[in-house]
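A.B. asks: The sequence and its predicted three-dimensional model are supplied below.
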Amino acid sequence: MEAREPIEAFRGAKLDAAIVGAGPAGAAAALALRRSGTESVAMIDWPRSRRMSIGESAAPGLAALLQRFGLDCRLECLGHLPCHGNVSFWGGTAPSIADFFRHASGPGWHLDRAAFDSWLRDQARDAGARLLAPARVLEAERDGEVWRLLLGTGTATIELSARWLLDATGRSAALSRRLGARLHRVDRLVALAVFGRPAAEARFRGFTMVEATEIGWWYGARLPDGRAMLALMTDADIARRNGLRAAAAFHEAWSATVEMRRFAAPLSPAEGPAVFSAATQFLDRAGGPSWLALGDALMALDPLSASGLTGALEDALAAGEVIAGSLSGSGSECLLAAGYAHRARVTLESYLTARFAIYAAERRWSESPFWRRRIAGSGNFGYHARQREEFAA
């Protein structure tokens, strides 16, 4: 990983904003804050080595968002591939093609996700944000107008203070839950992912592939390095019951597809898939006194939306406006935070409505557990509506 400052350089530091997490949401928030003139910004991160990085598909609008951060939006120059649209075998055997050629925001993207995340983090550091890693928050206590943080580095502990905290810890929402927020899960979707070898034919080249099956749905995309990403999205209990973490069972499920097996084949049939949570989940609040959640920590959406990355960047811009306005005295913290919470609630409401409509369009296996749960999910709207209201609290 990138070169970092010595841990001791942070001992006793007095920060304007401490961002817990240095993924896209955290790095973008650090960049937004520095661009707004916030002086002392640091990302606190505990890096994890992973077999693969997923989330490589980005919706149209990513390049325009990068421009708002003052960044070069020519992603093809950084080695990423434009995505021209989505091809879905959903609700029937005929393909449904949504192309991005006429999209006002330009194409989507198939990213080298690890490289993109590292690049964005470098942009934040070049703008003056600091990176404290490896480190995790052991204690966070409010002391008057500041937060007192105790951090563990694996070999030592250090104390520092910050006027604002941002939770960019991803799906764990670790900081927000420490501060009293509750996490609500709508489903138990998981992604079982492997690298693949694209078919030699040019069928749907440059498009994202989606194919519905009885036990869930498959996703496929060509990656910048010439490989493909193949992932089965299903519920955790279905994956467990069918033994899909095992290479043989996963390969058998892939072999049973109609379109995905024509798109790409697993690189190593003897290697089982990596497993990631892909559940829809959200916090019962968007923040509290001088702290905000953003990105997947705030709300994590179904991969069907392909909006995880763009949503994280939008959150970062909005959170940066709240903190910069509060620190400069140009706005009331309460009013600014309430606006941030309202924005989150509207996003969540729109997403849940769209999610139900998309899943309800697939009726071929309406009695199978995976699809029945999602079609019946509309009955939970009352419960989720009550939780959505808490964003405004």
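C.D. replies: Great, that's in hand. Residues are numbered from 1 along each chain as shown.
A.B. asks: So which residues of the stretch 151-300 of the chain form helices?
C.D. replies: 174-178, 236-241, 247-255, 260-263 (DSSP state H, counting those that start in this stretch).
A.B. asks: Same list (these) but as a markdown table, adding mean neighbour count and mean pLDDT.
C.D. replies: In short, each C-beta sits where N, CA and C put it, glycine included. Below are the helices of the stretch 151-300 of the chain laid out as a markdown table (neighbours: other CB atoms under 10 Å; pLDDT from 0 to 100):
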| stretch | mean neighbour count | mean pLDDT |
| --- | --- | --- |
| helix 174-178 | 20 | 97 |
| helix 236-241 | 16 | 98 |
| helix 247-255 | 18 | 97 |
| helix 260-263 | 21 | 94 |
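A.B. asks: and residue 221, which of the ones you listed is closest to it?
C.D. replies: Smallest distance to residue 221 across the helices of the stretch 151-300 of the chain (CB to CB): 9.2 Å, for helix 260-263.
A.B. asks: C-alpha coordinates for the closest one, CSV please?
C.D. replies: C-alpha atoms of helix 260-263 as CSV (Å, rounded to 0.1, in the frame of the first residue of the first chain):
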residue,chain,number,x,y,z
MET,A,260,-23.6,-16.6,-18.7
ARG,A,261,-21.8,-19.8,-19.7
ARG,A,262,-21.6,-18.3,-23.2
PHE,A,263,-20.2,-15.0,-21.9
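A.B. asks: from the chain's centre, how far out does that helix sit?
C.D. replies: 26 Å (CA atoms, centre = their mean, to the nearest Å).
A.B. asks: Packing partners of it?
C.D. replies: strand 207-213, strand 216-222, strand 228-235, helix 247-255 (3 or more CB pairs under 8 Å, 6 or more residues apart in numbering; DSSP states H and E).
A.B. asks: what is the orientation angle of the first one with strand 216-222?
C.D. replies: This points to strand 207-213. 160 degrees (axes from the mean of the first three to the mean of the last three CA atoms, to 10 degrees).
A.B. asks: tilt between strand 207-213 and strand 228-235?
C.D. replies: Counting by the same axes, to 10 degrees, strand 207-213 lies at 30 degrees to strand 228-235.
A.B. asks: Show the low-confidence segments of the stretch 101-250 of the chain, by residue range.
C.D. replies: 101-105, 202 (pLDDT under 70).
A.B. asks: again, 90 this time
C.D. replies: Scanning the stretch 101-250 of the chain for pLDDT under 90 picks out 101-107, 154-155, 200-206.
A.B. asks: Next, residue 81: phi, psi?
C.D. replies: phi -110, psi 130 (degrees, to the nearest 10).
A.B. asks: residues in contact with it?
C.D. replies: Residue 81 is in contact with 109-111, 206, 222-224, counting by CB atoms under 8 Å, 6 or more residues apart in numbering.
A.B. asks: do the same with residue 277
C.D. replies: Contacts of residue 277 by CB under 8 Å, 6+ apart are 171, 189-191, 300.
A.B. asks: hang on, the earlier thing: the helices and strands packed on helix 260-263: which one's closest to residue 131?
C.D. replies: Of the helices and strands packed on helix 260-263, nearest to residue 131 by CB to CB is strand 228-235, at 27.9 Å.
A.B. asks: tally of neighbours for the nearest residue to residue 160 once chain neighbours are set aside?
C.D. replies: Leaving aside its sequence neighbours, residue 160 sits nearest to residue 13 (CB to CB, 6 or more residues apart in numbering; 4.2 Å). Applying other CB atoms under 10 Å, we find 17 other residues in the vicinity of residue 13.
A.B. asks: any chance you could map the strands in the stretch 51-200 of the chain?
C.D. replies: Assigned by DSSP state E, counting those that start in this stretch, the stretch 51-200 of the chain shows strands spanning 57-58, 81-83, 85-89, 96-99, 108-110, 130-132, 136-143, 146-152, 157-167, 183-185, 189-198.
A.B. asks: Can you tell me which of the ones you listed is most buried?
C.D. replies: strand 108-110 (a mean of 26; mean count of other CB atoms under 10 Å).
A.B. asks: how long is stretch 177-186 from one end to the other?
C.D. replies: 17 Å (CA to CA, to the nearest Å).
A.B. asks: Begin at 18, not 1, for the rest of this chat.
C.D. replies: New numbering, starting at 18: the last item is stretch 194-203.
A.B. asks: starting at the chain centroid, how far to that stretch?
C.D. replies: So, by CA atoms, centre = their mean, the centroid of stretch 194-203 is 17 Å from its chain's centroid.
A.B. asks: which residues are in contact with it?
C.D. replies: With CB under 8 Å, 6+ apart, stretch 194-203 has contacts from 154, 157, 182, 184, 190, 193, 296-302, 305, 308, 310, 369, 394, 397, 401, 404.
A.B. asks: among the residues you listed, which ones are buried?
C.D. replies: 154, 157, 182, 184, 190, 193, 296-302, 305, 308, 310, 369, 394, 401, 404 (16 or more other CB atoms under 10 Å).
A.B. asks: can you tell me which of the residues you listed are in strands?
C.D. replies: Counting by DSSP state E, those place 154, 157, 182, 184, 298-300, 305, 308, 310 in strands.
A.B. asks: Could you dump those residues into TSV with distance to residue 271 added?
C.D. replies: Output for those, formatted as TSV (distance: CB to CB, whole Å):
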residue	distance to residue 271
154	40
157	44
182	43
184	36
298	27
299	31
300	35
305	45
308	43
310	36
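A.B. asks: ok, residue 40 - contacts?
C.D. replies: Applying CB under 8 Å, 6+ apart, the residues near residue 40 are 134, 185, 187, 312, 329.
A.B. asks: If we use 10 Å, what do you get?
C.D. replies: 60, 62, 64, 70, 72, 134, 137-138, 185-187, 312-314, 326, 329 (CB atoms under 10 Å, 6 or more residues apart in numbering).
A.B. asks: Understood, closing this out.
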